[in-house]
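Asker: Sequence and computational prediction follow.
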Amino acid sequence: EICTGSVDGIVRTYDLRKGELRSDALGDDVAITSIVPTSDGLTNIISTLDGRLHILERSTGDSIQTFGGGHTAGRYSLQCAVSADDEYIVCGSEDGAAVVYDFASGKVRQMLRGHVRPTCSVACHPGRGGSDVAAASVVISGSYDGQGVVWTNGDSHLIELE
């Protein structure tokens with residue numbers, strides 16, 4: 001399967017084995033800036049230029065949840081990423097932050113501030129060793145300021161959640 005998103009607000013899923021295309025519209029005037037699957041492959045996280053994050057069921061295209069408000073968007077293409085344990089969504093922001101959302105509730109858990117220009121790229125990695133994926137996670141953010149920041153809380157936590 002290949003999933004694509006476009007400025008027309010349509011998520012297109014190509015099934016290469018069956019030769020089929022499914023199109024799922026998010027709405028009028030919704031420009032898609034990023035699509036990332038969860039590690040279990042059941043859902044896609046889609047960020048849009050209007051500052052919302054959409055969670056779609058991958059097999060049907062049905063919307064499970066839509067949220068946002070923690071990050072600033074509107075002028076730049078901003079990526080999102082999912083933590084290795086699928087508990088958090090990290091999204092870039094035009095104010096230079098990387099915003100961590102709780103996957104289940106959609107609430108902002110923390111703002112990672114380290115850039116002076118828009119944070120356009122984020123990635124999550126399981127980190128170094130350990131059986132507790134959440135405890136060893138790492139977030140990396142990249143910005144139009146030319147800098148990359150590695151976010152970790154030592155070897156114990158991705159971030160300290162309040």
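Answerer: Right, received. Where do you want to start?

Asker: any idea which helix or strand carries the spatially closest residue to residue 95 that is not a sequence neighbour?
Answerer: Nearest non-adjacent residue to residue 95, counting by Cβ to Cβ, 6 or more residues apart in numbering: residue 72, 4.6 Å away. Bear in mind the C-beta positions are built from the backbone N, C-alpha and C, glycine included. Under the criterion of DSSP states H and E, residue 72 resides outside all helices and strands.

Asker: Can you get me a residue count around residue 72?
Answerer: Neighbour count for residue 72, taken as other Cβ atoms under 10 Å: 18.

Asker: Next one: residue 106, what pLDDT does it get?
Answerer: Residue 106 carries a pLDDT value of 91.

Asker: Next one: it from residue 144, what distance?
Answerer: 26 Å (Cβ to Cβ, to the nearest Å).

Asker: and what of residue 122?
Answerer: Using Cβ to Cβ, residue 122 is found at 13 Å from residue 144.

Asker: And these two? Which one has more around it.
Answerer: Set side by side, residue 122 and residue 144 show more neighbours around residue 122, with 28 against 16, by other Cβ under 10 Å.

Asker: Identify the bridge partners of the more buried one.
Answerer: With DSSP bridges as the criterion, residue 122 is bridged to residue 141.

Asker: so it sits right up against residue 82, yeah?
Answerer: No - here residue 122 does not reach residue 82: they are 10.0 Å apart, not a contact under Cβ atoms under 8 Å.

Asker: got any residues that touch both of those two?
Answerer: Jointly contacting residue 122 and residue 82 under the rule Cβ atoms under 8 Å, 6 or more residues apart in numbering are residue 90.

Asker: Now residue 142: closest residue in space that isn't a chain neighbour?
Answerer: In space, residue 142 is closest to residue 121, 3.9 Å off (Cβ to Cβ, 6+ apart).

Asker: isn't that neighbour right up against residue 79?
Answerer: Yes - with contact defined as Cβ under 8 Å, residue 121 reaches residue 79; the gap is 5.0 Å.

Asker: shared neighbours of those two, which are they?
Answerer: Shared contacts of residue 121 and residue 79 (Cβ under 8 Å, 6+ apart): residue 92.
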